[in-house]
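Q: Just need the structure, nothing else, for what follows:
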Amino acid sequence: MGRQRDSILCYQKLEDNISFIQRKGMEEFEKQQKTREQLLRAMLKEFNEGRSKTLYCIAATVLDIGELESVLEEARKKSYGLDLKEKSEIMHSLLNEIANKKNYLLKLRK
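A: The predicted structure follows:
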């Protein structure tokens, strides 16, 4: 059973990650994590108004890579020419929309 509470790390995908490593190996898992890191860096660089780091880190951990790529692309399109606060609001909205549909929790469980 997965952890029921988080500290500074999000454990929501722990069991999925272990299963992925068992099926596909550590090298493939590391590649996937590098992709997640790149997507997170882009989100932080382009959409962090100074208060979104935790949300974006959890989203990069919990959402599928395809979902992250889609959200980033859509946020870029919808926020073109807007200020950083407005860009951040769009990113939050898109992330929360997916989270609600997929029953993801985009906050640390305390």
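Q: Does Lys87 touch Phe47 like I think?
A: Yes - using C-beta atoms under 8 Å, Lys87 is in contact with Phe47, at 5.0 Å. In short, each C-beta sits where N, CA and C put it, glycine included.
Q: Same drill for these two, tell me which one is more crowded.
A: Phe47 (25 against 21; other C-beta atoms under 10 Å).
Q: in what helix or strand does Asn96 lie?
A: helix 84-102 (DSSP states H and E).
Q: Tell me where the model's unsure across the chain.
A: 1-15, 17, 20, 107-110 (pLDDT under 70).
Q: mind listing the helices for it?
A: 14-24, 26-47, 53-62, 65-78, 84-102 (DSSP state H).
Q: Could you count how many residues lie near Ser79?
A: 19.
Q: isn't it right next to Ile90, touching?
A: Yes - at 4.7 Å, Ser79 counts as touching Ile90 under the criterion of C-beta under 8 Å.
Q: intersection of neighbour lists for the two?
A: Listed as contacting both Ser79 and Ile90 by C-beta atoms under 8 Å, 6 or more residues apart in numbering are Phe47.
Q: what is in contact with Lys87 and Phe47 at once?
A: 75, 79.
Q: Please identify the residue most distant from the middle of this structure.
A: Gly81 (23.5 Å; C-alpha atoms, centre = their mean).
Q: Roughly how far does that residue sit from Gly66?
A: 27 Å (C-beta to C-beta, to the nearest Å).
Q: How about Leu82?
A: 25 Å.
Q: Which one's more surrounded, these two?
A: Leu82 (12 against 8).
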